[in-house]
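Engineer: Got a predicted structure plus its sequence, pasted below:
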Amino acid sequence: MAAPLIPLSQQIPTGNSLYESYYKQVDPAYTGRVGASEAALFLKKSGLSDIILGKIWDLADPEGKGFLDKQPTVNWVVPVADKMRFDEIFLKTDLDLDGYVSGQEVKEIFMHSGLTQNLLAHIWALADTRQTGKLSKDQFALAMYFIQQKVSKGIDPPQVLSPDMVPPSERGTPGPDSSGSLGSGEFTGVKELDDISQEIAQLQREKYSLEQDIREKEEAIRQKTSEVQELQNDLDRETSSLQELEAQKQDAQDRLDEMDQQKAKLRDMLSDVRQKCQD
Ligand SMILES: [Ca+2]
């Protein structure tokens with residue numbers, strides 16, 4: 001029974017007869033479960049590397065149960081091909097390698113989408129199904145899926161998750177706050193995004209206050225400039241009145257000199273007259 005290699009995406013659709021026939025090979029007794037060793041033997045035939053097969057196994061057994069359900073990741077809105085792509089992004093995004101991405105870690109990728117902060121916060125709240133303030137690999141994929149739907153198709157994320165949207169790994173056991181865990185519609189899911197918006201508001205306030213300062217300084221400079229101009233005008237006026245006074249003084253001096261000359265002339269005439277009287 002040599003199994004031909006088939007693309008992963010073709011294995012997933014439920015009810016696919018080809019898939020059913022493969023499944024029968026690894027679960028001939030129809031237990032509904034495939035153990036890791038049975039799956040490994042089967043998957044080895046694909047010719048894929050152990051690393052890829054390991055990844056596929058992780059994908060198929062997200063809860064690490066050690067066996068595969070008959071329909072492992074079907075019935076989830078996130079397509080398998082996209083999931084693998086998102087998982088790769090997740091690996092690059094989880095910088096501290098704790099298996100989750102924080103708001104801080106996704107901030108850049110989220111913002112890069114160009115979606116509004118409110119919408120991103122809502123998507124985060126939807127994906128953070130247990131409100132832990134961080135996203136698992138599956139939750140991150142769901143968030144990326146919603147972002148992608150909005151960016152490429154204009155499809156808005158829902159107000160609440162429908163059952164087929166909840167990541168398979170998050171199904172079954174309710175979260176600590178199950179009443180509001182499936183997307184409360186509150187736009188306060190991402191603390192970091194809130195922080196950024198507060199930072200922006202703070203910066204805007206600072207900018208406004210700086211602009212106010214600048215306007216006041218400019219006004220003060222205008223006032224000083226006009227004061228200086230006035231003083232300059234005063235100085236000009238004083239200078240010209242001083243020049244006028246000096247001119248008047250010179251005038252007076254000239255007349256004084258003239259009168260001295262006349263006085264001398266009169267004295268000469270007087271002395272002439274006296275001389276003539278004596279003769
Ligand atoms: Ca992390």
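Structural biologist: Great, that's in hand.
Engineer: roughly how far apart are the closest residue to Ser169 other than its chain neighbours and Ser226?
Structural biologist: Among residues not flanking Ser169 along the chain, Pro62 sits closest, at 4.1 Å (CB to CB, 6 or more residues apart in numbering). Just so you know, the C-beta spots here come from the backbone N, C-alpha and C atoms, and that holds for glycine as well. Per CB to CB, to the nearest Å, Pro62 is found 76 Å from Ser226.
Engineer: Those two: who's more crowded?
Structural biologist: Neighbours were counted for Pro62 and for Ser226 using other CB atoms under 10 Å; Pro62 has more, 16 against 10.
Engineer: ok so the residue nearest to Ser169 is a helix residue?
Structural biologist: No - using DSSP: H, G, I helix; E, B strand; the rest coil, the assignment for Pro62 is coil, not a helix.
Engineer: my guess is it contacts Glu170, does it?
Structural biologist: No - the criterion here is CB atoms under 8 Å, and Pro62 misses it with Glu170 at 9.4 Å.
Engineer: Name the residues contacting each of these two.
Structural biologist: In terms of CB atoms under 8 Å, 6 or more residues apart in numbering, Pro62 and Glu170 are both contacted by the residues Asp138.
Engineer: which residues sit in contact with the residue nearest to Ser169?
Structural biologist: Pro62 makes contact with Thr73, Lys137, Asp138, Pro167, Pro168, Ser169 under the criterion CB under 8 Å, 6+ apart.
Engineer: Which one of those residues is nearest to Asp254?
Structural biologist: Proximity of these to Asp254 (CB to CB) peaks at Lys137, which lies at 107.8 Å.
Engineer: Could you find the closest non-adjacent residue to that closest one?
Structural biologist: Nearest one to Lys137, counting by CB to CB, 6+ apart, is Phe90 at 5.0 Å.
Engineer: what do you get for Asn75?
Structural biologist: Asp164 (5.6 Å).
Engineer: Need the three-state assignment for that neighbour.
Structural biologist: Using three-state DSSP, the structure places Asp164 in coil.
Engineer: before we move on, back to that, which one (most neighbours) among the contacts of Pro62?
Structural biologist: Sorting the contacts of Pro62 by how many neighbours each has (other CB under 10 Å) puts Asp138 first, at 25 neighbours.
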